[in-house]
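> no FASTA, just this:
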């Protein structure tokens, strides 16, 4: 603006401003950026909360960079911020994918997290958890409880899942409807039961609909390295357990009292597969308070049962 020579009168001028635009750079290490994450912002932009990226067979553990060196799952660029920003996505290899019925698949480290995604985050009553770790065994420190009314399929997908089990603990408690498939193995990682009882999989329910129904289809359930008594690969407190063709229920026990299957008030249908114990009973169902048939039944129409 130039005020020419000879001009008269008061003058008033208003300054107009354009905000500086700053860049936001994302280092995704082969991942896909979260929907809606912008590439730029200004001092006038509303608060920006970054959404999580995704990467096949990996779990996102947080952003580092302009927010600091400690990964954070939630990062917000507050209104009024300035300066270029750079964020790096951090990942850890996933053990499982979880898919709610008619829903979106996501990746997780533990069975419990995968189950909670299906039933809590997505509010689904049915879904599939698939083992996806690329190499090596899955070592899972979580325990999984399947609620009455939930239908879950665990696809072992040819993998070996080692669940942490110890004194008086369960790897999986099924009070819903659980199918285990996939030509893989679920086994104990630490099978001890000093002064207590350890169940790798414990079944409880009515045995109909989605209450205490357990089916093993072409999968292996195994107590590995059992060194104390009262360790069970499967235990039927109540409900119905079905062992189908191609399945293996095993107790690799080094002491008496390591059992492949214990039956109390459940119905056990053996239609195929093999049930075996290295030392002790393959199927344990005597009159003790912890493993007696009170109102259940054992039906054997196929398969092989061995005990040494």
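Yep, that arrived. As the structure is a prediction and not an experimental result, all values here were calculated from the model.

> okay, CA-based contacts and neighbour counts for the rest of this
OK.

> ranges for the helices of the stretch 151-300 of the chain?
Here the stretch 151-300 of the chain has no helices by DSSP state H, counting those that start in this stretch.

> Count the neighbours of residue 234 for me.
26 (other CA atoms under 10 Å).

> for residue 55, same thing?
Counted with other CA under 10 Å, residue 55 comes out at 20.

> I'd like to know how far it sits from residue 132.
Distance, residue 55 to residue 132, by CA to CA, to the nearest Å: 13 Å.

> Name all residues that make contact with the most centrally placed residue in the chain.
With distances taken as CA atoms, centre = their mean, residue 111 lies nearest the centre of the chain, 2.4 Å away. Residues near residue 111 by CA atoms under 8 Å, 6 or more residues apart in numbering: 96, 129, 140, 142, 143, 144.

> likewise residue 82?
22, 42, 43.

> try it again with 6 Å
Residues near residue 82 by CA atoms under 6 Å, 6 or more residues apart in numbering: residue 43.

> Do you know the pLDDT at it?
We note a pLDDT of 97 for residue 82 in this prediction.

> So what does the residue nearest to the centre of the chain have for phi and psi?
Dihedral pair for residue 111: phi -60, psi -40, per degrees, to the nearest 10.

> do residue 19 as well
Dihedral angles for residue 19 - degrees, to the nearest 10 - are phi -70, psi 150.

> Can you tell me the element residue 115 falls in?
Here residue 115, judged by DSSP states H and E, is contained in helix 111-116.

> What about the contacts of residue 111, which are in helices?
Taking DSSP state H, every one of the contacts of residue 111 sits outside helices.

> Tell me which of those residues fall in strands.
Using DSSP state E, the members of the contacts of residue 111 that fall in strands are 96, 129, 140, 144.

> Would you reformat those as CSV and include distance to residue 13 and pLDDT?
As requested, these are exported to CSV (distance: CA to CA, whole Å; pLDDT from 0 to 100):
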residue, distance to residue 13, pLDDT
96, 64, 96
129, 67, 97
140, 69, 91
144, 70, 93
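
> Looking at those, which is nearest residue 6?
residue 96 (81.0 Å; CA to CA).

> tell me the contacts of that closest one?
107, 108, 130, 131, 132.

> can we see that at 10 Å?
Residue 96 makes contact with 57-59, 106-111, 113-114, 128-133, 138, 154-156, according to CA atoms under 10 Å, 6 or more residues apart in numbering.

> No further queries at this time; thank you.
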